[in-house]
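# The sequence isn't on hand, but the structure is:
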C-alpha cells in the first residue's frame, strides 16, 4: 500500500496496525516513494541456543597474557 505524507501523519496509528499484521506501507512525497514501513522481526521470540557457535572460533592460549610493550605504549603514552 502507498500513502502520501499527509495521509501517513493523519492515519499513522491505523497504518501501524496494518504493518503489525504483516503489510508493508510505502510513504511517498510528491508521488515518489521516500520510506517504507515494515514489520520488525520479533527478536524476543527467537530462542538462543547455548553452544550454537561451538567450533566456529577458538580462544588462543595467550588470550589473557599482557600485551607486548610496543602495543601497550600505543595506548598509554
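Arrived safely. This structure is a prediction, so every number in the text was calculated from the model and none was measured.

# Contact partners for residue 2?
Going by CB atoms under 8 Å, 6 or more residues apart in numbering, residue 2 touches 25-28, 33. To be clear about C-beta, it is placed using only N, CA and C from the backbone, and glycine gets the same treatment.

# Where helices are concerned, which of these count?
Nothing among these maps onto helices, per DSSP state H.

# who wins for neighbours among these?
When neighbours are taken as other CB atoms under 10 Å, the top entry among these is residue 25 (20 neighbours).

# you'd agree that one is up against residue 14?
No: judged on CB atoms under 8 Å, residue 25 makes no contact with residue 14 at a distance of 10.0 Å.

# Which of the helices or strands spans residue 3?
Using DSSP states H and E, residue 3 maps to strand 2-4.

# Give me the distance from the helix or strand following that strand to the chain's centre.
Next along the chain after strand 2-4, taking DSSP H and E as the criterion, comes helix 5-10. Offset of helix 5-10 from its chain centre (CA atoms, centre = their mean, to the nearest Å): 25 Å.

# Could I get the buried residue list for helix 5-10?
Neighbour counts using 16 or more other CB atoms under 10 Å place residue 8 of helix 5-10 among the buried residues.

# hmm, who's touching it?
Here helix 5-10 makes contact (CB under 8 Å, 6+ apart) with 15, 25, 27-29, 34.
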